[in-house]
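Chemist: here you go, sequence then predicted model.
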Amino acid sequence: MKVAPYGSWASALSALRLAEGNVRLGQVRIAGDSIFWSEGRPSEGGRNVIVECDSTGRCSDANPAPFDARTRVHEYGGGAFTVAPSKEIFFSHDADQRVYRMRRDASPQPLTSTIDLRYADAVIDSAQHRLVAVREDHRGAGEPDNTLVAIDLASGAESVLAAGHDFFSNPRLSPDATRLAWLSWDHPRMPWQGSELWCAELDARGEPGSPRRVAGGPEESIFQPEWSPSGELHFASDRSGWWNLYRERGGHIVPLHPMAAEFGEPQWQFAMSMYGFEPDGSIVCLFEQEGRSHLARIDIATGTFAEIETPFCAMREIQVGAGFAVLFAGSEREVESLVRIDLTSAEARVIRGSSEIAFDAGDVSVAEAIEFPTEGGTTAHAFFYAPSNALFCGETEARPPLLVVSHGGPTGATNAMLRPSLQYWTQRGFAVVDVNYGGSSGYGRAYRKRLDGAWGIVDVDDVVHAARFLVARGDVDAAHVAIRGASAGGFTTLAAFTFRSFFKAGASHYGVSDLEALARDTHKFESRYLDSLVGPYPERADLYRERSPVHFPERLSSALILFQGAEDKAVPPSQAGAMFEAARAKGLPVAYLLFEGEQHGFRQARHIRRALEAELAFYGRIFGFVPADPIEPVTIENLPFDRGGGARS
């Protein structure tokens, strides 16, 4: 084993391999004897491809290039395609947001005609020969109008089925197609804060009667309504403080298996799924507990709850068939894959991996779940990854640099699944801590609400305390602690740089720097999100200014690199540009990379590669190590620079 400075270790896991050797697994569906899923391919410029795997195991692309199955409803999309039992596919095409119909062995044909309309979360109503979908109408001035619509399969004509709320999702038809259920919510709430479940009877023409509210309200979040095979409406609700499963029976809401676990999650995208039904009505479900995913079955006849043992620590997007389930799953030593699980034997078979990269056991850093004390006598959660490379070890008495990761959302969560994007750092000699700060999901409603009114405070406290915990434990070098985050995680990164003096360097990927600008200039879905995270705007504009890093350049004290998509609608490029100018004027080491053709999140392989390599090179310059990788030079303003924490150029 070769002794070398931390950060300088050579690894076969190059940024190029990571960028080109991975796909983003999105949505999964079962139709007949085939399994369909979508995958985003950086090697094809981020194109989203629907793939079919038939009963023989033969897999083939369904939508030909250049068709890109992606919807931009709510900007975050999800639910971009649906499949009929005949295996006819309907999908939204990214370029024009029209719905296309794709019959077997035929090219896609447009069903809708107006490019200013977007669609998501469609279901097929065979009885009325139509699609029922969420529609987002951008034809008028101001915010787009969201409704539920029916789209006639013969003519493409549209009619509105439900309107009057700011947002709609999850249109679901009963098995006999006589009832329609859906979710709605209104400003200023997000769906995980307060939403409502509605149901309406459909007449012979498919027109809904007066809807009735089944469950939900301003302080109750409803997730994933579904009809059982016998026609009973099921859903997850967090009315107990945890997203648990319920059903409506005889006009009453009945809990199925109350427990301190999450059977739902924040609805950032459409068509998210954590449970489904077997033909006999039994429920096969996922639940989250203590940062780990579990699989279980609820016997509909006896009410018996039984966990199904799996090797996976993270599972999502379950679809249930006769005696089997398909879902995306990963473990501490295996990347996320599309997996088919036999519900009798619990045998799991991988259909499609998210990565073509092979990992040697000696190179894998396995997550350690940690709990650490933070402000106010509370406890927060994270996953710690020690440096791991079979060919290298650090210098005697040295400790590795620490990279603190702040996830997006901020109402999101991270897990312990093997991620090539984290192993890229640990194989080069970094320690990594991936933090589920207060406000993260998976730990109950009370933990999510820790961030209410305190974004930029609680999250920053928790990432700092996670690092301090590991420094005190002797795992990492206190002089070489960096932080990185994307989107909301980028805001936490920038706030930590501005309002704390703990971190020595860091990276913001399309992060928020100006909360007022975000409140005034973002898309409809998140336009009132900050009301709960910060305060009502403009009434509490003072809080927005107090929490915005861009207004306090004199407090910046750390080296910073910024990455931004030029077409980002969620966090406009002006925010990264303003932070870059502030850091440059302060005389701090700062770099800024703007990627043309990218939106909120990078999808193109060349940009993913460039961002990774540039960030590594940046830390090398700031912390005083030379990366083993050949890297295109990065322009860093204000070097040389010395604040007592390492070598400079």
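Modeler: Here it is on my side, so go on.

Chemist: quickly find the element holding residue 543.
Modeler: helix 541-547 (DSSP states H and E).

Chemist: next, the buried residues of that helix.
Modeler: If you call a residue buried by 16 or more other Cβ atoms under 10 Å, then helix 541-547 has these buried ones: 543-544, 547. Where you see a C-beta, it was placed from the backbone N, CA and C, and this is true even at glycine.

Chemist: any stretches of the stretch 501-649 of the chain with poor pLDDT?
Modeler: Filtered on pLDDT under 70, the stretch 501-649 of the chain yields the residue ranges 641-649.

Chemist: quick one: the strands in it?
Modeler: 505-509, 559-565, 590-595 (DSSP state E, counting those that start in this stretch).

Chemist: so what's residue 368 up against?
Modeler: 383-386 (Cβ atoms under 8 Å, 6 or more residues apart in numbering).

Chemist: typo on my end, residue 64
Modeler: 107-108.

Chemist: now residue 16: closest residue in space that isn't a chain neighbour?
Modeler: residue 609 (5.3 Å; Cβ to Cβ, 6 or more residues apart in numbering).

Chemist: how many other residues sit next to that neighbour?
Modeler: Using other Cβ atoms under 10 Å, residue 609 has 20 other residues around it.

Chemist: for residue 599, same thing?
Modeler: The burial count for residue 599: 18, using other Cβ under 10 Å.

Chemist: what angle do the helix or strand that contains residue 492 and strand 559-565 make?
Modeler: Following DSSP H and E, one finds residue 492 within helix 488-499. Put simply, helix 488-499 runs at 150 degrees to strand 559-565, going by axes from the mean of the first three to the mean of the last three Cα atoms, to 10 degrees.

Chemist: hang on, the residue nearest to residue 16 packs against residue 19?
Modeler: Yes. Residue 609 lies in contact with residue 19 (Cβ atoms under 8 Å); the separation is 4.1 Å.

Chemist: hey, which helix is longest across this structure?
Modeler: Counting by DSSP state H, the longest helix found in the chain is helix 605-623.

Chemist: buried stuff in it?
Modeler: Quick answer for helix 605-623 (16+ other Cβ under 10 Å): 605, 607-623.

Chemist: now stretch 521-535
Modeler: Here stretch 521-535 shows 522-535 as buried, counting by 16+ other Cβ under 10 Å.

Chemist: just name the closest of those to residue 261, please.
Modeler: residue 532 (23.9 Å; Cβ to Cβ).

Chemist: separation between that closest one and residue 98?
Modeler: 35 Å (Cβ to Cβ, to the nearest Å).

Chemist: ok so, going back, who's in contact with the residue nearest to residue 16?
Modeler: Residue 609 neighbours (Cβ under 8 Å, 6+ apart): 15-16, 18-20.

Chemist: rerun at 7 Å
Modeler: Going by Cβ atoms under 7 Å, 6 or more residues apart in numbering, residue 609 touches 15-16, 19.

Chemist: mind checking the end-to-end distance for stretch 285-295?
Modeler: 6 Å (Cα to Cα, to the nearest Å).

Chemist: report the beta-bridge partner residues of residue 253.
Modeler: Beta-bridge pairing for residue 253 (DSSP bridges): residue 248.

Chemist: and the pLDDT for it?
Modeler: Residue 253 is assigned 97 on the pLDDT scale.

Chemist: go ahead and confirm it touches residue 244.
Modeler: No. Assessed by Cβ atoms under 7 Å, residue 253 is found out of contact with residue 244, at 11.1 Å.

Chemist: among these two, which residue is more densely surrounded?
Modeler: residue 244 (21 against 15).

Chemist: quick one, phi psi at that one?
Modeler: phi -110, psi 170 (degrees, to the nearest 10).

Chemist: got a list of what it touches?
Modeler: 236-237, 255, 258-259, 263.

Chemist: how about residue 212?
Modeler: Contact partners of residue 212, counting by Cβ under 7 Å, 6+ apart, are 198-199.

Chemist: make it 8 Å
Modeler: Residue 212 sits next to 198-200 when contact means Cβ under 8 Å, 6+ apart.

Chemist: which of the residues you listed lies closest to residue 467?
Modeler: For the contacts of residue 212, the nearest to residue 467 is residue 198 (45.6 Å; Cβ to Cβ).

Chemist: what pairs with the closest one across the strands?
Modeler: Going by DSSP bridges, residue 198 forms beta bridges with residue 182, residue 213.

Chemist: how about a markdown table for the buried residues of stretch 521-535, with distance to residue 162 added?
Modeler: As requested, these are exported to a markdown table (distance: Cβ to Cβ, whole Å):
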| residue | distance to residue 162 |
| --- | --- |
| 522 | 25 |
| 523 | 22 |
| 524 | 17 |
| 525 | 18 |
| 526 | 22 |
| 527 | 21 |
| 528 | 21 |
| 529 | 23 |
| 530 | 27 |
| 531 | 25 |
| 532 | 25 |
| 533 | 29 |
| 534 | 31 |
| 535 | 32 |
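
Chemist: tell me the one of those residues nearest residue 268?
Modeler: residue 525 (9.0 Å).

Chemist: what about the residue nearest to the closest one when sequence neighbours are not counted, distance to residue 533?
Modeler: Excluding the flanking residues, the one nearest residue 525 by Cβ to Cβ, 6+ apart is residue 74, at 4.0 Å. To residue 533, residue 74 is 17 Å away according to Cβ to Cβ.
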